[in-house]
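*Asks:* Return atomic coordinates for the entry below.
(chains A and B)
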Amino acid sequence: MQAEIELQNFLKLQSAIKRGTLSCVDLVEHYLAEIDRRMDLNAFLVVMADEARRRAEVVDGKIKNGSAGKLAGMVLAVKDNLVLKDKPVTCGSHILENFISPYHATVIQKLIDADAILIGKTNMDEFAMGSSNENSYFGPVLNPIDETKIPGGSSGGSAVSVAANLAYAAFGSDTGGSIRQPAAMCGVVGLKPTYGRVSRFGLVAFASSFDQIGPITRSVRDAALLLSVIAGYDPHDSTSANLPVPDYFADIDSGVRELKLAFPKEYLEEGIDTEVEAAVENVLHRLKDGGAGVEAVTFPSSEYALATYYILANAEASSNLSRFDGARYGFRAQDTTDLESMYTLSRSEGFGEEVKRRIMMGTYVLSAGYYDAYYRKAQKVRTLIKREYDGAFKKYDGIIAPTTPTTAFKLGEKLDNPLQMYLSDIYTIPANLAGFNSLSLPCGVDANGLPIGVQIMTRPFNESMTFRIAQFLEDALQ
Amino acid sequence: MKITKKEVKKIADLAKLALTDEEKEKFTRQLGEILAYMEILNRVNTENIPPAYHIHETKNVFRKDQSEKWLNQDEATANAPKKFKGYFSVPKVIRKG
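*Replies:* Residues are numbered from 1 along each chain as shown, chains lettered A, B, ... in the order given. Predicted coordinates:
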């Protein structure tokens, strides 16, 4: 059983189901038992056991009569900021503890339509704000490779569910690295699609001009398959792109011969762990061996990315999170005497420390007297960063870079130093600032066996090229 | 940029957050550090650079002015902490004169 589930290729797993050597009911029971056995990791906030069992029977029936969808047999976990009809959605926060969603996110509806089986909702940093998954109201998630270490965040529960085989694949959201950073730290594949490639309808908003939903998987092919299901225009999200979804498998095995690739010099200069650096150097060698041209390129804006991101993302967050006021849904503080105290006490008791810190930051940079100096300035720098990457993507087919400066750090290590914590997103943020796509692929381990990730970034809406480079590397690094 | 405890209190009021004394101390220090880091942007010449509102070129997206079936009143108020005859109920806004 285990051997079959661990197959890297979903199509093989699916054909085993079609042959009748494995059923969706078996798979669901297997994952439910594993989730139960690894409760200590704290990866799940809700396990949908009854529902998953019922769905497994339905999908088994569809497989038998030949009407099953593309994802039949795939057991998925989703981050708890994606809404499912009649299910709780907490965003890892006390303020949404008893909230039940009245509708499905577009991504969820597409997964269900493709006959995926949803098994549970995963733990996360509160409102996706964090890089270590220690900011959840429901406690931290542990890294299955070393339980004294953080799994990365904010989609820590989703990355762990895949790395520890508690689900076949998972979904997360990525605002500044929240899919790729935990994927790298847990040794799995994580994709942040191009901004607009996937509908955000039903994703609880953190920073709307940055947020994207994407898959966390055990292989590049699975990421390509899942993107092909969730991508596309949605009338409910007017920022989703009205562009056709290409066949991501058409040239996935074409290799990297004659591709022109860049690596940003600045990324390998300061603050990077030597073992991470060595693993990325190895990746660059493999790409050269495969016939790609690899050049060091300077990205002068690199040092401004983090500051730009935290000004803009926190500004958007402070605005988005103003809806949590205790009036219409979510937590309401007891014993409030007037409307003002209902707002203030509900928010103060309902939000955790990091969320408050970011609302404060965002409110500050948007407030009278500081708007031009911070918010507007950062918007202008964002234009410059975008131009710099657009320019690079005119000359190069892709950019290769480390996903994180270090491997997974110790639980508690950076909790009292927000700025140090923010620095762990330094390499992932440009993709969100400039809106292009980026995939993190495991590319080795450090001396302690902790995984290292490398990012493959390509121009907006060119995920086909990202998968092609990633597939070459996945094969070459085996 | 130095941020004072008084400013932290003002920002908290704007954000509708009631901070404890301990939080005020902590945030004053931490926001000061973070804002000092943000100063790095002052090194960038942004003269004549337009601000980025959208990251891809997007035009206004129109749809037909047609209603679609969505939540009814019961569904829309199902999560209300307190409701009254199908409405959201909140504490009194107007004080006794």
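*Asks:* use CA for all of it now, contacts and neighbours both
*Replies:* Fine.
*Asks:* Can you confirm whether stretch B:6-21 lies near chain A?
*Replies:* Yes - applying CA under 8 Å from any CA of the partner chain, one finds stretch B:6-21 touching chain A at B:8, B:11, B:12, B:14, B:15, B:16, B:17, B:18, B:19.
*Asks:* what packs against the helix or strand where residue B:25 lies?
*Replies:* Per DSSP states H and E: residue B:25 is located in helix B:21-38. Contacting helix B:21-38 under the criterion 3 or more CA pairs under 8 Å, 6 or more residues apart in numbering or on different chains; DSSP states H and E are the following elements: helix A:302-320, helix A:353-366, helix A:418-422, helix B:5-14.
*Asks:* returning to that earlier point: can I get the residues of stretch B:6-21 next to chain A in a markdown table including pLDDT and neighbour count?
*Replies:* Converted to a markdown table, the residues of stretch B:6-21 next to chain A look like this (pLDDT from 0 to 100; neighbours: other CA atoms under 10 Å in any protein chain shown):
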| residue | pLDDT | neighbour count |
| --- | --- | --- |
| B:8 | 96 | 22 |
| B:11 | 97 | 20 |
| B:12 | 98 | 23 |
| B:14 | 97 | 13 |
| B:15 | 98 | 23 |
| B:16 | 97 | 22 |
| B:17 | 98 | 23 |
| B:18 | 96 | 19 |
| B:19 | 95 | 19 |
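*Asks:* center of the chain - which residue?
*Replies:* In the absence of a named chain, chain A is used. residue A:179 (2.1 Å; CA atoms, centre = their mean).
*Asks:* Chain B, not that one
*Replies:* Taking CA atoms, centre = their mean, chain B has its central residue at residue B:15, 6.7 Å away.
*Asks:* The closest residue in space to residue A:359 that isn't next to it in sequence: neighbour count?
*Replies:* Distances taken as CA to CA, 6 or more residues apart in numbering or on different chains put residue A:318 closest to residue A:359, at 4.4 Å, once the chain neighbours are dropped. Using other CA atoms under 10 Å in any protein chain shown, residue A:318 has 25 other residues around it.
*Asks:* Also residue A:431?
*Replies:* Neighbours of residue A:431 (other CA under 10 Å): 28.
*Asks:* Can you tell me the element it falls in?
*Replies:* helix A:429-434.
*Asks:* Contacts made by that helix with the rest, please.
*Replies:* Contacts to helix A:429-434, defined as CA atoms under 8 Å, 6 or more residues apart in numbering or on different chains, come from residues A:175-177, A:195, A:210-211, A:302, A:305-306, A:309, A:382, A:385-386, A:389, A:437-438, A:457, B:55.
*Asks:* per-residue confidence averaged over it?
*Replies:* For helix A:429-434, mean pLDDT is 98.
*Asks:* what's the next secondary structure element after that helix?
*Replies:* Per DSSP H and E, the helix or strand that comes after helix A:429-434 is strand A:437-445.
*Asks:* could you dump that next one to CSV, C-alpha only?
*Replies:* Output in CSV follows, covering the C-alpha atoms of strand A:437-445 (Å, rounded to 0.1, in the frame of the first residue of the first chain):
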residue,chain,number,x,y,z
ASN,A,437,5.5,32.6,-11.5
SER,A,438,8.0,30.6,-9.4
LEU,A,439,8.4,26.9,-8.5
SER,A,440,10.5,25.6,-5.6
LEU,A,441,12.1,22.2,-6.2
PRO,A,442,14.0,20.1,-3.6
CYS,A,443,17.7,20.2,-4.6
GLY,A,444,19.5,18.5,-1.8
VAL,A,445,19.9,18.4,2.0
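*Asks:* can you tell me if that strand touches chain B.
*Replies:* No - figure legend: strand A:437-445 not in contact with chain B (CA under 8 Å from any CA); closest approach 12.5 Å.
*Asks:* in the helix holding residue A:431, what's buried?
*Replies:* Using 16 or more other CA atoms under 10 Å in any protein chain shown as the burial criterion, the residues of helix A:429-434 that qualify are A:429, A:430, A:431, A:432, A:433, A:434.
*Asks:* Save these as TSV, and put in distance to residue A:322 too.
*Replies:* What follows is those, written out as TSV (distance: CA to CA, whole Å):
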residue	distance to residue A:322
A:429	24
A:430	27
A:431	26
A:432	23
A:433	23
A:434	26
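*Asks:* For residue A:40, state which of those residues is nearest.
*Replies:* residue A:429 (30.8 Å; CA to CA).
*Asks:* Pull the contacting residues for the residue in the stretch 151-300 of chain A that chain B sits nearest to.
*Replies:* Residue of the stretch 151-300 of chain A nearest chain B, by CA to the nearest CA: residue A:238 (6.2 Å). Residues in contact with residue A:238 (CA under 8 Å, 6+ apart) are residue B:61.
*Asks:* Does residue A:214 have any beta-bridge partners, and if so which?
*Replies:* Per DSSP bridges, the residues bridged to residue A:214 are residue A:172.
*Asks:* Phi, psi for the residue nearest to the centre of chain A please.
*Replies:* phi -100, psi -50 (degrees, to the nearest 10).
*Asks:* before we move on, back to that, redo the residues of stretch B:6-21 next to chain A as JSON lines? Include distance to residue A:56.
*Replies:* Converted to JSON lines, the residues of stretch B:6-21 next to chain A look like this (distance: CA to CA, whole Å):
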{"residue": "B:8", "distance to residue A:56": "53"}
{"residue": "B:11", "distance to residue A:56": "51"}
{"residue": "B:12", "distance to residue A:56": "49"}
{"residue": "B:14", "distance to residue A:56": "49"}
{"residue": "B:15", "distance to residue A:56": "46"}
{"residue": "B:16", "distance to residue A:56": "46"}
{"residue": "B:17", "distance to residue A:56": "45"}
{"residue": "B:18", "distance to residue A:56": "48"}
{"residue": "B:19", "distance to residue A:56": "48"}
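*Asks:* What about the residue of the stretch 251-400 of chain A found nearest chain B, how many residues nearby?
*Replies:* Across the stretch 251-400 of chain A, the shortest distance to chain B (CA to the nearest CA) belongs to residue A:380, at 4.1 Å. By the criterion of other CA under 10 Å, residue A:380 has 22 neighbours.
*Asks:* For it, give its distance to residue A:224.
*Replies:* Distance, residue A:380 to residue A:224, using CA to CA, to the nearest Å: 34 Å.
*Asks:* Same question for residue A:113.
*Replies:* Taking CA to CA, one finds residue A:113 at 18 Å from residue A:224.
*Asks:* and if you look at residue A:174?
*Replies:* Taking CA to CA, one finds residue A:174 at 17 Å from residue A:224.
*Asks:* more crowded one of these two?
*Replies:* Ranked by neighbour count (other CA under 10 Å), residue A:174 and residue A:224 place residue A:174 first, with 28 against 22.
*Asks:* Does the more buried one touch residue A:195 like I think?
*Replies:* No - under the criterion of CA atoms under 8 Å, residue A:174 is not in contact with residue A:195, lying 10.1 Å apart.
*Asks:* what residues are shared contacts of these two?
*Replies:* With CA under 8 Å, 6+ apart, residue A:174 and residue A:195 have common neighbours A:210, A:211, A:212.
*Asks:* Among those residues, which one has the most neighbours?
*Replies:* Going by other CA under 10 Å, residue A:212 tops the shared contacts of residue A:174 and residue A:195 with 29 neighbours.
*Asks:* burial of residue B:92, as a residue count?
*Replies:* Using other CA under 10 Å: residue B:92 sits among 11 other residues.
*Asks:* then stretch A:338-346 to PDB, C-alphas only?
*Replies:* The C-alpha trace of stretch A:338-346 is given here as PDB (Å, rounded to 0.1, in the frame of the first residue of the first chain):
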ATOM      1  CA  ASP A 338     -21.300  50.300  22.700                       C
ATOM      2  CA  LEU A 339     -20.400  49.800  19.100                       C
ATOM      3  CA  GLU A 340     -16.900  51.300  19.400                       C
ATOM      4  CA  SER A 341     -16.000  48.900  22.200                       C
ATOM      5  CA  MET A 342     -17.500  46.000  20.300                       C
ATOM      6  CA  TYR A 343     -15.200  46.700  17.400                       C
ATOM      7  CA  THR A 344     -12.100  47.300  19.400                       C
ATOM      8  CA  LEU A 345     -12.400  44.500  21.900                       C
ATOM      9  CA  SER A 346     -13.500  41.900  19.300                       C
END
